[in-house]
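**Q** Using only what follows, build the 3D model:
(chains A and B)
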Amino acid sequence: MEPNAFMYLTVSAFMFVIGVVGVLTRRNGIVVFMCVELMLNAVNLSLITFSKMHAVAAAAGGTAADVNPAAGSMMVFFVMCVAAAEAVVGLAIVIAIFRNKLHIDINDVNILKW
Amino acid sequence: MNNTILSLIVLLPLAGATLIGLTGFLNKQFRHMEKLIGIIATAAVAVPFFIILSAFLHFSSGHDGHHDAIKFSIIPWIESAGLKIGFSYHLDQLSLLMGMIVTGIGSLIHIYSIGYMHHDKGFYKFFLYLNLFIFSMLNLILGDNLAVLFLGWEGVGVCSYLLIGFWYEDMEKAKAAQKAFVANRIGDFAMIGAMFMIFGQVQSLSFADINASAGSFGDSAFWITLLLFIAATGKSAQIPLYVWLPDAMAGPTPVSALIHAATMVTSGIYLIARMHPIFSVPAAEPVLMVIACVAALTAIVAALIAVAQNDIKKVLAYSTVSQLGFMFMALGAGAYTTAIFHVMTHAFFKACLFLGSGSVIHAMDHMHTVKDPQDIRTMGGLQKYMPHTSKTFWISTLAIAGCFPLSGFFSKDEILANTFFSGFDHGSIYFAVWFVGTITAVLTAFYMTRVTYLTFNGKERFPHTSHPHESSPFMTIPLWILGILAAVGGFLGLNQAMFGHDSHILNHTWFHGLINNRDLEHTMHEHISLEWGLIILAFIISYGMVYFTYNFYKKYDIEGEIKVKKLFGKMYRPMENKFYVDEFYEKTILKPFVWAGENIVVWFDKNIIDGIVNGSASVTAAIGDVIRRMQTGYVTHYALVISIGVVILLGYLLLG
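**A** Residues are numbered from 1 along each chain as shown, chains lettered A, B, ... in the order given. Here you go, the predicted structure:
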């Protein structure tokens, strides 16, 4: 069976939902963090998919002139850059929390309130 | 003449003020370079004078009868739908004349000030203010719309405030400055009201538009003209707002000469002359009567006070108020050009008198033995020591008293004739105004001769340990120029009955077509013998009164004062105390204001204002107390809220 766009998008949606659920339910900082990465990559997958769809349509001469097929792929690189930067900052925060509390339970990090 | 050169008229004084102000502020050495500062400041006024002069020559050489105003503009100012106001100026007959008076006398007074302010520690500030004043005044008289005029109107008010309070370490002087500012503010308020009403009528503030549609103003002309007159009473020191002008003498004497005698105080007269088409509509007729009556009252009250003053500058100050009254009498009689004529002649002789008094004060002050250098009781016999000051002072005194053929005769006689003949067709109240004006003329001749005689002639009453010196040429040369102008300035408006119709250059050639006086020619022709009667009366009053006063004081010298006191009887004490007007204002206006300030306003501030401020703070705090519970501190809660938000938004976009 040849994989088609629908399949890719389904995978992307699953990955995203898994990510959201993980962020909302898990208490381990690193896991939450990984789930955020999962969400970002789910979006990347769908962006790539749409980009490919447009490229195919353009080759067939059937797409609107103002849609650049490369835009989706470009966006993915930006997301990857941001994700890398975010990983640096996030891990630094996790380490800082660990040094203070000797664990990384994010529900225990709740003094910034009211 | 092109726009750039003409723009310099207005921009040079501003540039001078900026240059002197900034350099003086940054560089302490510069503050002591008196000659340099003086030259810069004088040039910043003298150059505009010559530009206006050449514009004048260019203008008057134009083809006869019909003149177009020379226009120039610098930058746009306010531009919005339908409303275009720019820094645009025009030089027509009225602006040219006023411009020459302001910059011409301004230049002379700048030169004089170099001598007068010598060694003053605020020397550079003084010239900064003077230049700024000239800039504002030029905006006032050259602006071709009410907005620019108002800018100048406020500007001269500020400069007047700064210059009256120039020696602000003295509390009295600082207070005088404040008084002038506040009194002027009342008039300015009326001015703003008038501007709003005019704009409501014409949708424009340019004089050309306003004057063109003056006929269609209807009944609103009454209120507009009344407000304009109230505005004029503030700046031009008429009852009830005249009280600031005598106190304004606290400023340095050149300032008194420039601002409080020759230029700024005449801006009210200029305003009315400029807007005269509105004053000429029938609905404004009662306002003209009000103007004439208020003016006559101001003239005589000020003259009576002047009789009983011993401070040389105070006498001149009240004399100025009185002469401004004369100008307003002319306006009230619809003789706008006559008022401007008197503005001009008065500028010459009163500037000369003030500068002369400054020269005297300077000399008395330098003796260091006189307690009050302004008190005429400690002067006397100064002509021996100060020949130039004395001669020019006498010329100007004769001019202001109205002695033929000096300038005051022509302008004052014309004013009195106009009020008198207005009585025939425009209400007999004008006869009363004329009568009061004539009495004032008698008093003028008396008090001016008195002050001049007691200063320069008779016995020397100052201690003889040292003797006074004549002032430097910086001061005497302007005195002579002004003295000569005071003598010959009247030839621009020779008496028609004496010299024929066309001899009145100002009325029949210069202002022809621009300013239309109320037509009295017919009445005058009918009563030509009465006009000759008025002329003879003017002769008798001026020469007779000067001759009488001179001989009176020659005989009794300072003891003559006792006889004068007896003559006025019970009136004298109120006159000496300025009719207790200041005290009256203090009791009726100032006291209630202070009381209200201390009680009502403080209560209002404490309860209402502070209540609103504190109330809004505590309401915010109460709401915050409830709402901030949302911030739990759990990251997952925030993430959940964000997710729900995303779901709702997506749902709306996909389904909605």
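
**Q** Could you point out which residue ranges in chain A have low pLDDT?
**A** A:62-66 (pLDDT under 70).

**Q** Nearest the geometric middle of it, what residue?
**A** In chain A, the C-alpha nearest the mean C-alpha coordinate belongs to A:L40, at 0.6 Å (CA atoms, centre = their mean).

**Q** And the contacts of stretch B:508-526?
**A** Applying CB atoms under 8 Å, 6 or more residues apart in numbering or on different chains, the external contacts of stretch B:508-526 come out as B:60, B:65-67, B:92-94, B:97, B:273, B:276-277, B:280, B:333-338, B:340, B:417-418, B:421-422, B:424-426, B:492, B:496-497, B:501-502, B:507, B:531. Heads up, the C-betas are built off the backbone N, CA and C, glycines and all.

**Q** Any of the residues you listed buried? List them.
**A** B:67, B:92-94, B:97, B:273, B:276-277, B:280, B:333-338, B:340, B:417-418, B:421-422, B:424, B:426, B:492, B:496-497, B:507, B:531 (16 or more other CB atoms under 10 Å in any protein chain shown).

**Q** Which positions in chain A make contact with chain B?
**A** Contact residues, chain A versus chain B (CB under 8 Å from any CB of the partner chain): A:20, A:23-25, A:32, A:106-107, A:109-114.

**Q** number of nearby residues for the residue in the stretch 451-600 of chain B that chain A sits nearest to?
**A** Closest residue of the stretch 451-600 of chain B to chain A, CB to the nearest CB: B:I600 (43.3 Å). Burial measure for B:I600: 10 neighbouring residues, criterion other CB atoms under 10 Å in any protein chain shown.

**Q** tell me the secondary structure for it?
**A** At B:I600 the chain is in helix, as set by DSSP: H, G, I helix; E, B strand; the rest coil.

**Q** I'd like the distance between it and B:I608.
**A** 11 Å (CB to CB, to the nearest Å).

**Q** same check, this time on B:I259
**A** To B:I608, B:I259 is 41 Å away according to CB to CB.

**Q** So between those two, which is more surrounded?
**A** Using other CB under 10 Å as the criterion, B:I259 and B:I608 rank with B:I259 on top: 25 against 10.

**Q** got a pLDDT number for that one?
**A** B:I259 is assigned a pLDDT of 90 by the prediction.

**Q** At the geometric centre of chain B, which residue do we find?
**A** Closest-to-mean residue, chain B, CA atoms, centre = their mean: B:V265 / 1.2 Å.

**Q** Name all residues that make contact with that one.
**A** Contact analysis of B:V265 by CB under 8 Å, 6+ apart lists B:K235, B:S236, B:A237, B:L245, B:I259, B:T320, B:L324.

**Q** Equivalent analysis for B:S236, please.
**A** Contacts of B:S236 (CB under 8 Å, 6+ apart): B:V265, B:T266, B:S267, B:G268, B:I269, B:L324, B:M327, B:F328.

**Q** Let me have those in CSV, adding pLDDT, distance to A:R99 and secondary structure as columns.
**A** Formatted as CSV, those follow (pLDDT from 0 to 100; distance: CB to CB, whole Å; DSSP: H, G, I helix; E, B strand; the rest coil):
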residue, pLDDT, distance to A:R99, secondary structure
B:V265, 93, 81, helix
B:T266, 92, 83, helix
B:S267, 94, 78, helix
B:G268, 94, 81, helix
B:I269, 95, 85, helix
B:L324, 95, 86, helix
B:M327, 95, 89, helix
B:F328, 95, 88, helix
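
**Q** What residues of stretch B:552-561 count as buried?
**A** For stretch B:552-561, a neighbour-count test (16+ other CB under 10 Å) marks B:F552, B:Y553, B:D557, B:I558, B:G560, B:E561 as buried.

**Q** Roughly how far does the spatially most distant residue from the centre of chain A sit from chain B?
**A** Here the centre of chain A is the reference, and by CA atoms, centre = their mean the most remote residue is A:G61, at 31.6 Å. Per CB to the nearest CB, to the nearest Å, A:G61 is found 29 Å from chain B.

**Q** tell me the SS of that residue?
**A** A:G61 ends up coil, using three-state DSSP.

**Q** cool, B:H90 as well?
**A** At B:H90 the chain is in strand, as set by three-state DSSP.

**Q** Can you name the residues that contact it?
**A** Counted by CB under 8 Å, 6+ apart, B:H90 has contacts B:A69, B:I70, B:K71, B:F72, B:L142, B:D144, B:F207.

**Q** Would you mind giving me the PyMOL syntax to select the buried ones in the residues you listed?
**A** Selection of the buried residues among these in PyMOL, burial being defined by 16+ other CB under 10 Å:
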select buried, chain B and resi 69+70+72+142+144+207
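
**Q** Just the ones of the contacts of B:H90 in strands?
**A** In this view, those that belong to strands under DSSP state E are B:I70, B:K71, B:F72.

**Q** so who does the second one touch?
**A** When contacts are counted by CB under 8 Å, 6+ apart, B:K71 touches B:S88, B:Y89, B:H90, B:L91, B:D144.

**Q** Identify the farthest-apart pair in the residues you listed.
**A** The largest separation in the contacts of B:K71, counting by CB to CB, is between B:S88 and B:L91 at 11.5 Å.
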